[in-house]
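# Provided below for reference: sequence and predicted model.
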Amino acid sequence: MEILSLEGSPKTPEINFNQDTGVLELRGRSIPENSIEFFKPLNDWVDGYGSSPQGTTQIEVRLEYFNTSSSKCILDLFKRLEQLDGNSTEVKVNWYFEKDDEDMEEAGVDYEAIVDLPFKIIEVEEI
């Protein structure tokens, strides 16, 4: 399975999904013109990864901002990963937010309440 690597832009996050390490990273801003279209390859990759995941799958979310349509797509991505959890992989989410960014901190807490995955909400100086 190929590594999914997408360069970030002012409107889309940098993506690095690595089958060999089991680390899936999203970093930057997510305000694409069409969130569903942008997230489709990510969802497809997770579906493929589910056939032979690593023992531990770690999601590293370092988003400085995302729009409403991206929030739904992020939830869909978490739900796909939730389906994998316990089926030959343990999924863990690290949700990073910048110090004093209560909205991003709250978003991580909200996702943690919605999906049945272990979250670490981590405050950092800068994303």
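Perfect, I can see it now. Since we're looking at a predicted model, the values are computed, not measured.
# after the lengthiest helix in the chain, heading C-terminal, what element do we hit next?
Secondary structure of the chain per DSSP state H: the longest helix is helix 68-84. Note on helix 68-84: by DSSP states H and E, the next helix or strand toward the C-terminus is strand 90-98.
# is it true that residue 61 touches residue 104?
No: Residue 61 is beyond contact range of residue 104, at 9.5 Å (criterion: CB atoms under 8 Å). Every residue, glycine included, has its C-beta placed from N, CA and C.
# please report the distance of residue 50 from residue 86.
Applying CB to CB, to the nearest Å, the value for residue 50 to residue 86 is 12 Å.
# neighbours of the nearest residue in space to residue 73 that is not next to it in sequence, how many?
Leaving out its chain neighbours, the residue that sits closest to residue 73 by CB to CB, 6 or more residues apart in numbering is residue 39, at 3.9 Å. Counted with other CB atoms under 10 Å, the neighbours of residue 39 add up to 22.
# which of the three states applies to residue 39?
helix (DSSP: H, G, I helix; E, B strand; the rest coil).
# list phi and psi for the spatially closest residue to residue 112 that is not a sequence neighbour.
Of all residues not flanking residue 112 in the chain, residue 119 sits nearest, at 3.9 Å (CB to CB, 6+ apart). Note on residue 119: its backbone torsions stand at phi -110, psi 140 [degrees, to the nearest 10].
# tell me which residue of the protein is furthest from the middle?
The centre of the chain is farthest from one residue, residue 100, which by CA atoms, centre = their mean lies 21.2 Å away.
# any idea how far that residue lies from residue 25?
On the measure of CB to CB, residue 100 and residue 25 end up 23 Å apart.
# one step back: mind checking pLDDT for the residue farthest from the centre of the chain?
Looking at residue 100, its pLDDT reads 93.
# good, we can wrap up now.
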